[in-house]
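> With the input below, show me the fold.
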Amino acid sequence: MVSLYPNNSNMLELNELIAYPMDDERLTSIISMDELKELGLLLKHTSPDSPVVSYNCKARLNNEIHSINIICRSVWNSRSEFCGAIGKAADLGIA
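Coordinates of the predicted model:
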């Protein structure tokens, strides 16, 4: 599941809540399926002791390809079970 701030969802023309990101055609038109899978793999390899990942990828913004940096922090419960992640993306400019 992906949750976006209202300003960001409006700018990207995405829903604020995306239950199945890999199945969302609009999201995968912005960030490729391969890039989303790679980010997912990085998150799966986090741990409570090492919860942060940084990922650079390409995204289509305003019909131009941009480099973006996504930083995510995985969230774990008291039994050290993965619960999800929170993060942000920064536009690094036109690729």
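> For the residue of the chain positioned farthest from its centre, give its distance to residue 89.
No residue in the chain sits farther from the centre than residue 79, which is 24.8 Å out by Cα atoms, centre = their mean. Counting by Cβ to Cβ, to the nearest Å, the gap between residue 79 and residue 89 amounts to 30 Å. Where C-beta positions appear, they are placed from N, C-alpha and C, glycine not excepted.
> Assess the claim that residue 30 and residue 61 are in contact.
Yes - with contacts counted by Cβ atoms under 8 Å, residue 30 reaches residue 61, the gap being 7.1 Å.
> hey, what's in contact with both of the two?
Both residue 30 and residue 61 are contacted by residue 12, under the criterion Cβ atoms under 8 Å, 6 or more residues apart in numbering.
> More neighbours: the two, which one.
residue 30 (18 against 15; other Cβ atoms under 10 Å).
> And that one, how far from residue 79?
Taking Cβ to Cβ, one finds residue 30 at 35 Å from residue 79.
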